[in-house]
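Visitor: Okay, predicted coordinates and the sequence, questions at the end:
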Amino acid sequence: MFWVTLWPLLLGFGLSGGVQAFVSRQTLQRALGNHGPRAIGRATVFGMVSSSCSYAATAMSKSLFARGADFIASNVFMFASTNLVIELGIVLVVLMGWQFALSEFFGGAIMIILLATLGALWLRGRLVTQARDRMTSRNDSPDRPTEEASPQPWRTRLRTRAGWTDAATYTMTDLTMIRKELFIGYLVAGFLATAVPNSWWNAVFLHGHGFWTSVENAVVGPFIAMVSCVCSVGNVPLAAALWHGGSSFGGVISFLFADLITFPLLLIYRQYYGTRLTLRLVAVFWAVMTVAGLLTQGLFQWVGLVPTRHASRIVTEQVTWNATTMLNIILLLAFAVLYGLHRRGQGDRSRLAIDPVCGMQVERALAPATTSEGGIHLYFCSDRCLAQFNASSDTSTVEASH
């Protein structure tokens with residue numbers, strides 16, 4: 001299964017790295033000041049071209065909100081950057097079929113409309129104001145760097161070696177950051193597809209109850225995503241296993257949408273926004289993901305696009321000399337070139353820094369968390385990485401004292 005999806009993974013992450021390197025993120029902050037139709041549209045487009053893993057998208061959404069972006073618009077950006085992305089669509093086509101890729105983008109648009117609608121009712125008021133005030137006080141700390149000048153235009157950076165080095169580094173750091181999720185996703189999916197009997201799937205997913213079967217599957221899908229703790233592209237193999245095991249079309253779609261409510265991310269939301277606002281977020285996200293999965297299934301059934309067989313390439317593909325092998329070799333060679341660029345240089349050193357915990361490349365002016373260690377300023381992709389760094393530093397200090 002990994003061999004089948006290797007070339008789309010490399011292609012998707014390579015394209016994503018290029019977009020992150022050549023598209024300025026400062027544009028995002030100025031464009032998402034409210035949750036009107038135009039701002040929601042801009043948030044969706046910017047999210048699509050800023051594709052990233054769930055953790056990075058969450059940190060970026062929080063960073064935009066802290067710098068003045070509307071709370072709903074920043075969350076729409078987060079949804080788009082994890083669900084309406086190139087690498088996800090390519091892997092879905094290869095592993096599950098073009099119908100699932102189309103449903104991911106079509107259902108993602110439905111989900112964003114629902115989020116903007118429900119968010120205007122439930123994600124506002126005093127709790128949102130308190131969350132912004134808390135973040136503003138953090139950003140005003142002495143350790144926070146001042147905003148740097150705008151980076152070079154993308155056309156200029158496209159002609160520089162530093163720009164391509166940045167693109168290579170973004171690609172490598174994105175892969176490094178979600179390597180655990182990918183490994184767990186493939187391992188668990190392979191186990192579920194080969195070792196779990198059909199009777200277990202029949203106990204989890206209802207069958208033969210018509211509309212209520214679809215409802216139950218769509219509600220259970222996000223719960224499986226929450227407890228599996230696998231996000232981003234790593235949940236596509238799990239989705240293939242669920243489809244192979246008998247889940248409804250809508251249940252699989254709602255599961256794919258639910259990569260933003262895994263348990264580790266819920267802890268991050270709580271740290272960012274507080275317990276009460278996090279509970280509202282979970283309720284709205286779960287409802288939006290479930291309803292979007294149901295509506296997508298209904299529309300695709302109406303036009304006859306729901307696959308009739310619960311088949312995927314999860315257990316049937318063999319490693320042979322075919323088009324997949326040739327594409328893998330070509331993309332591995334391209335990946336080697338990117339890796340060489342990444343190893344030879346660090347790109348624009350004045351603008352970019354490397355998170356010392358997860359290895360992600362972050363822009364200094366937009367880093368969600370910073371600290372100083374021994375007179376050196378460190379930049380982190382999220383508060384989660386900063387907390388891990390502080391915990392490891394405290395442990396080292398205790399051990400040294402003994």
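Guide: Yep, that arrived.
Visitor: the longest helix in the chain is where?
Guide: Ranked by residue count and defined by DSSP state H, the top helix of the chain is helix 275-302.
Visitor: What residues of that one count as buried?
Guide: By neighbour count with 16 or more other CB atoms under 10 Å, helix 275-302 contains the buried residues 277-278, 280-282, 284-297, 300. Every residue, glycine included, has its C-beta placed from N, CA and C.
Visitor: Tell me the buried residues in the helix or strand that comes right after it?
Guide: Once the chain leaves helix 275-302, the next helix or strand it forms, by DSSP states H and E, is helix 323-344. Of the residues in helix 323-344, 324, 327-328, 331, 335, 338, 341-342 count as buried by neighbour count, 16+ other CB under 10 Å.
Visitor: Also stretch 387-394?
Guide: Phe389.
Visitor: For that stretch, which outside residues touch it?
Guide: Stretch 387-394 is contacted by residues 271, 356-357, 371, 373, 378, 380 when judged by CB atoms under 8 Å, 6 or more residues apart in numbering.
Visitor: can we see that at 10 Å?
Guide: If you take CB atoms under 10 Å, 6 or more residues apart in numbering as the criterion, stretch 387-394 is touched by 268, 271, 355-358, 369, 371, 373, 378, 380, 382.
Visitor: Mind checking which of those residues are buried?
Guide: Burial by neighbour count, judged by 16+ other CB under 10 Å, picks out 268, 355-358, 369, 371, 378, 380, 382 from those.
Visitor: and those, which of them are in strands?
Guide: 369, 371, 378, 380 (DSSP state E).
Visitor: And these, which is the shakiest by pLDDT?
Guide: For these, the weakest pLDDT value sits at Ala369, with 76.
Visitor: I'd like the average pLDDT over stretch 86-104.
Guide: For stretch 86-104, the mean per-residue pLDDT is 82.
Visitor: got the CA coordinates for it in CSV?
Guide: Extracted C-alpha coordinates of stretch 86-104, given in CSV (Å, rounded to 0.1, in the frame of the first residue of the first chain):
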residue,chain,number,x,y,z
ILE,A,86,-3.4,18.4,-3.8
GLU,A,87,-1.6,15.6,-2.1
LEU,A,88,-4.8,14.3,-0.4
GLY,A,89,-6.7,14.2,-3.7
ILE,A,90,-3.8,12.4,-5.5
VAL,A,91,-3.5,9.7,-2.8
LEU,A,92,-7.3,9.3,-2.7
VAL,A,93,-7.4,8.7,-6.5
VAL,A,94,-4.6,6.2,-6.4
LEU,A,95,-5.8,4.3,-3.3
MET,A,96,-9.6,4.5,-3.4
GLY,A,97,-10.7,5.9,-6.7
TRP,A,98,-11.5,9.2,-8.3
GLN,A,99,-15.0,9.3,-6.8
PHE,A,100,-13.5,9.7,-3.3
ALA,A,101,-11.2,12.5,-4.5
LEU,A,102,-14.0,14.4,-6.1
SER,A,103,-16.2,13.9,-3.0
GLU,A,104,-13.4,15.2,-0.8
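Visitor: The nearest residue to Trp243 once chain neighbours are set aside: what's it in contact with?
Guide: Closest residue in space to Trp243, ignoring its immediate chain neighbours: Val252 at 4.9 Å, by CB to CB, 6 or more residues apart in numbering. Residues in contact with Val252 (CB under 10 Å, 6+ apart) are 96, 100, 103-104, 217-218, 221, 238-245, 293, 296-297, 310, 312.
Visitor: Kindly recompute the last result at 6 Å.
Guide: 239, 242-243 (CB atoms under 6 Å, 6 or more residues apart in numbering).
Visitor: Could you tell me the angle between the host helix or strand of it and helix 275-302?
Guide: Assigned by DSSP H and E, Val252 falls within helix 249-257. Per axes from the mean of the first three to the mean of the last three CA atoms, to 10 degrees, the angle that helix 249-257 makes with helix 275-302 is 140 degrees.
Visitor: Thank you, goodbye.
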